[in-house]
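*Asks:* structure for the following, please:
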Amino acid sequence: MTRALTLYHDLTARLEAVDWLLPTLARFLFGAVLAGYFWASGLTKLGDGPLGLFMPSTGAYAQIWPRVFESVGYDSDQLGLHHWAVVVAGTVAEFALPALILLGLMTRLAALGMIGFITVQSLTDLYGHGGIEHAATLGAWFDRLPDGAILDQRAFWMLALVTLVVKGAGPVSVDAVLRNGPLARPVSRPQ
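*Replies:* Residues are numbered from 1 along each chain as shown. Next up is the predicted model:
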């Protein structure tokens, strides 16, 4: 039994030493599963023409401010500067934060931003779009059903992002190049 425990501890110690694996997989899965989702969502918010980012579509207001937009008869001209700024900032975030994560540039900050974005998105889905009235949309933990759009699916999204906040981008990233490149400062590590 002691030999088996020693072998087990040796193997797990080797796995713990492979510190590049989790952040690399988290970034890969983010790219494979979520980056396209957020970019497609961002595209629905762009208005017409080259300055479409600054002239959001009606769909953008309907997605981000559903109840407020409905209360003004779906007329975006009746909304204020604050509403416009939130829509533009949200649209920029849907393009920029996933791109930063994929590049591995300012990954921890970008992942933290995505955590905030997904939290706001989830609250908007629940309270702004009426998802709270549909138990299947919210889902429930420990219910043996893994398909709740908010609590189940987005919990896994958050796990990948928390991994990036804690572990960083991994070795195949712009962050690693900047940290280890010729212009990098030596990092003193505690003994």
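
*Asks:* any buried residues in the helix-or-strand element of the chain with minimal mean pLDDT, and which?
*Replies:* Lowest on mean pLDDT, DSSP states H and E among the helices and strands of the chain sits helix 135-138, with a mean of 73. For helix 135-138, burial by neighbour count (16 or more other Cβ atoms under 10 Å) applies to Thr137, Leu138. Every C-beta, even on glycine, is put in place using the N, C-alpha and C of the backbone.

*Asks:* pull out the buried positions in the next helix or strand after it.
*Replies:* Remark: after helix 135-138, the chain's next helix or strand is helix 154-167, criterion DSSP states H and E. Judged by neighbour count using 16+ other Cβ under 10 Å, the buried positions of helix 154-167 are Arg154, Trp157, Met158, Ala160, Leu161, Thr163, Leu164, Val165, Lys167.

*Asks:* same check on stretch 52-65?
*Replies:* Result for stretch 52-65 [16+ other Cβ under 10 Å]: buried residues Leu53, Pro56, Ser57, Ala60, Tyr61, Ala62, Gln63, Ile64, Trp65.

*Asks:* nearest to Phe38 among the buried residues of helix 154-167?
*Replies:* The shortest approach to Phe38 among the buried residues of helix 154-167 belongs to Trp157, at 10.3 Å (Cβ to Cβ).

*Asks:* quick one: residues contacting the closest one.
*Replies:* Trp157 makes contacts with Leu34, Ile118, as judged by Cβ atoms under 8 Å, 6 or more residues apart in numbering.

*Asks:* quick one on the thing from earlier: now the least confident helix or strand of the chain, how far from the centre of its chain.
*Replies:* Remark: helix 135-138 is offset 21 Å from the chain centroid, using Cα atoms, centre = their mean, to the nearest Å.

*Asks:* what's next to it, contact-wise?
*Replies:* Under Cβ under 8 Å, 6+ apart, the answer for helix 135-138 is Asp125, Leu126, Gly131, Ile132, Gly148, Ala149, Ile150, Leu151.

*Asks:* count of residues packed around the fourth one?
*Replies:* In terms of burial, Ile132 registers 14 neighbours under the definition other Cβ atoms under 10 Å.

*Asks:* now swap in the first one and tell me
*Replies:* Counted with other Cβ under 10 Å, the neighbours of Asp125 add up to 19.

*Asks:* all set, thanks.
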